[in-house]
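Engineer: One predicted model, sequence on top.
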Amino acid sequence: MLRKTYDKVMALGASRRAVPALFGISFAESSFFPIPPDLLLIPMVLANRVRWIFYATVCTVASVLGGMLGYAIGALLFQQVAMPILELYGYAGRFDEFISWFNASGAWVVFLAGITPFPYKVITIASGAAGLSMPVFLVASLLSRGIRFFVVAALLYWFGPPIRTFVEKRLALVFTVFGILAVLGILAVKLL
């Protein structure tokens, strides 16, 4: 099953629909979608390495725009949806503490979440809920998402064929490592 999925994603990465799909996935992942755009960025760069800068730019711009939607979700829907639940369980006071902490170190939280496998959508929504300054949010998002996607694309450009061979031979191992990195990213953000 893993091999079939990998082959389908590789085929999509070389198709005419690849760029709109990359934009859509990158946008959605930053606000509500669970699949990271790397899963499409990687095969696209491997399929057409000379366009790595273009693909990384599309991924970064779409991700930051999607992050703005996540921010809006946190800012506009938090009071109506989450706050009544927090009050019901007696956690409203703790949320005020969280907001103080988040606003004090929010730029670093956004930046670190943007470059790690931690679900970025959680931080975009939290940024809106905490009222983090929009310019701070945008700068941290643009820098972190840009670093993440440009580093991935550049490494694939420079070392593409050997990386593709490695991934294809050790597909299960690669997915396991990505899973472990995601868990470590979640733990790192929780400890901040």
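Structural biologist: Arrived safely.
Engineer: tell me which helix or strand of this structure sits lowest on mean pLDDT?
Structural biologist: helix 171-191 (a mean of 64; mean pLDDT, DSSP states H and E).
Engineer: what about the helix or strand in which residue 155 is found, average pLDDT?
Structural biologist: For residue 155, the host element (DSSP states H and E) is helix 134-169. In this model, helix 134-169 has a mean pLDDT of 86.
Engineer: what's the offset of it from the middle of its chain?
Structural biologist: In terms of C-alpha atoms, centre = their mean, to the nearest Å, the centre of helix 134-169 is found 11 Å from the chain centre.
Engineer: Give me the buried positions along it.
Structural biologist: 137-138, 140-146, 148-150, 152-153, 156-157, 160, 163-164, 167 (16 or more other C-beta atoms under 10 Å). Backbone N, C-alpha and C define where each C-beta goes, glycine included.
Engineer: Repeat that for stretch 119-127.
Structural biologist: Under the neighbour-count criterion of 16+ other C-beta under 10 Å, stretch 119-127 has 119, 120, 121, 123, 124, 125, 126, 127 buried.
Engineer: who touches the second one in this structure?
Structural biologist: With contacts defined as C-beta atoms under 8 Å, 6 or more residues apart in numbering, the neighbours of residue 120 are 29, 30, 63, 67, 70, 113, 114, 145.
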